[in-house]
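Chemist: Pasted the sequence and its predicted model underneath.
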Amino acid sequence: MRVNMRALSYTTLAILLLFLNACDVTDSYQDSTELNSSSLAQSAEKGGPPASGNTIVDIASGDEEFSILVEAVVFAGLADDLSGRRQLTVFAPTNDAFEALLDELELTADELFVEEKKELVKSILLYHVAPGNRDSGAVTTASQINTLHGFFIKVKEDESSFFVGNDENGFAEITAVDIEASNGVIHVIDSVMLPPSEKNAGDNDDNGDNGDDEKPEESIVDIAAGNEDFSILVEAVVFAGLVETLDGNRQFTVFAPTNDAFEALLEQLELTAEELFSEGNEGLVKDILLYHVAPGNRPAEDVVTSDRIRTVSKSFIFVEEEDGDFFVGNDNGFAQIIATDIFARNGVIHVIDAVMLP
């Protein structure tokens, strides 16, 4: 029997507040723990959180096995994109992978990295980058993953090995996983993936667009503020100081509780919105809201083919199906997804019928 968030007591909320006041967990963009080694291969074996400033580009540049990949990234003008704060997942081909492709094309790296092929190289590289920080669990439990190229890569399993790519141009085996960087995660693959000539079913235009000719102009905040059903959510976002974050250019997926969802929780806790949004509760509300936000633009098809999704708070929400309906949450209970794919210029909103507590 599914447990709903509304059954939680005020005591639970109070305990959570005390915990959050003692430990700030809302800054999820960087981790100050030092990486054990700058070697990518050693990182894959040891795992562990990244050093602050060890970006995807830093880690790749520190391993000779990725010298061609780094050369390609610099040539395509993507070094800044892969060195910023935006969380990304990179499927990184080794030098052997690039050399095999060059042999097949009967080209040298110098012949590939010429100005007239710059857009081609950039397009191929973007097919290896997905928005958001997706660890191996999120990758291997997905059937397909949207990329910054705009086309999906498919995920397949064969005899306990996992492969990514597409039916037209083939698949690369994932040979190492979960190499964490300050701005995402790297998974190593044994060949270069070439984008298909046509989109898979369910692919989105550009970076998570809704398939229309024009991209949405409104931000996540604009859309929520324009819908009376989200007035309490908007009040919470303003109170927690997250307007600028959710109104910027970084792509997010928001699981948005309706007013009915908030009111049900407040009624169960015997609180008013004014009591919850009072001085001293900012950290609590912020942490709850960040648990409803995942990095990257994840349309419904991506959500329902995942078994868990990492949020900006670095905690996972889990995805479950029951009689054709989909639910998100954790041991505290699950919220049903009741509407999907409300696209904004900076991400996508899926509507849920309960407030999820971390």
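Modeler: That came in fine, so what should we check first? Numbers count the residues shown, from 1 in each chain.
Chemist: Which parts of the chain belong to which domain?
Modeler: 5-28+209-352, 40-189 (automatic domain parsing).
Chemist: can you redo those as a markdown table with distance to Pro195 and mean neighbour count?
Modeler: Using the backbone N, CA and C atoms, a C-beta is placed for each residue, glycine as well. As requested, the domains of the chain are exported to a markdown table (distance: least, CB to CB, whole Å; neighbours: other CB atoms under 10 Å):
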| stretch | distance to Pro195 | mean neighbour count |
| --- | --- | --- |
| domain 5-28+209-352 | 17 | 18 |
| domain 40-189 | 4 | 18 |
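Chemist: In a markdown table: the ones you listed, plus mean pLDDT.
Modeler: Supplementary listing: the domains of the chain in a markdown table, determined by pLDDT from 0 to 100:
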| stretch | mean pLDDT |
| --- | --- |
| domain 5-28+209-352 | 82 |
| domain 40-189 | 87 |
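Chemist: any chance of these in JSON lines, plus distance to Glu198?
Modeler: Converted to JSON lines, the domains of the chain look like this (distance: least, CB to CB, whole Å):
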{"stretch": "domain 5-28+209-352", "distance to Glu198": "14"}
{"stretch": "domain 40-189", "distance to Glu198": "8"}
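Chemist: which residues in the protein form strands?
Modeler: 88-93, 129-131, 144-146, 152-158, 161-166, 170-181, 184-189, 252-257, 293-295, 308-310, 316-322, 325-330, 333-344, 347-352 (DSSP state E).
Chemist: so can I have CSV of those showing distance to Gln268?
Modeler: Listed next are the strands of the chain as CSV, based on distance: least, CB to CB, whole Å:
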stretch, distance to Gln268
strand 88-93, 37
strand 129-131, 35
strand 144-146, 36
strand 152-158, 39
strand 161-166, 42
strand 170-181, 37
strand 184-189, 37
strand 252-257, 14
strand 293-295, 23
strand 308-310, 25
strand 316-322, 20
strand 325-330, 15
strand 333-344, 11
strand 347-352, 16
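Chemist: nearest to Ser197, of the domains of the chain?
Modeler: Among the domains of the chain, the nearest to Ser197 by CB to CB is domain 40-189 (6.4 Å).
Chemist: Please state the offset of the closest one from the chain centre?
Modeler: Relative to its chain's centre, domain 40-189 lies at 15 Å (CA atoms, centre = their mean, to the nearest Å).
Chemist: and if you look at stretch 317-330?
Modeler: Taking mean C-alpha positions (CA atoms, centre = their mean), stretch 317-330 and its chain are 18 Å apart.
Chemist: And stretch 217-227, by the same measure?
Modeler: That offset, for stretch 217-227, works out to 20 Å (CA atoms, centre = their mean).
Chemist: Show residues contacting it.
Modeler: Outside stretch 217-227, the residues within contact range by CB atoms under 8 Å, 6 or more residues apart in numbering are 230, 233-234, 237, 243, 246-248, 252, 254, 256, 342, 344-347, 349.
Chemist: 10 Å - rerun?
Modeler: 216, 230-231, 233-234, 237-238, 242-249, 251-254, 256, 258-259, 293, 342-349, 351 (CB atoms under 10 Å, 6 or more residues apart in numbering).
Chemist: how near is the closest residue to Ile349 other than its chain neighbours to Ser161?
Modeler: Nearest residue to Ile349 in three dimensions, chain neighbours excluded: Ile342, at 4.1 Å (CB to CB, 6 or more residues apart in numbering). The gap separating Ile342 from Ser161 is 37 Å, by CB to CB, to the nearest Å.
Chemist: now Lys122
Modeler: 29 Å.
Chemist: and if you look at Glu115?
Modeler: Counting by CB to CB - Glu115 and Ser161 are separated by 38 Å.
Chemist: next one: Pro257
Modeler: 39 Å.
Chemist: re the thing from before, wait, isn't the residue nearest to Ile349 in contact with Pro216?
Modeler: Yes. Counting by CB atoms under 10 Å, Pro216 is a contact partner of Ile342 at 9.1 Å.
Chemist: All set now, cheers.
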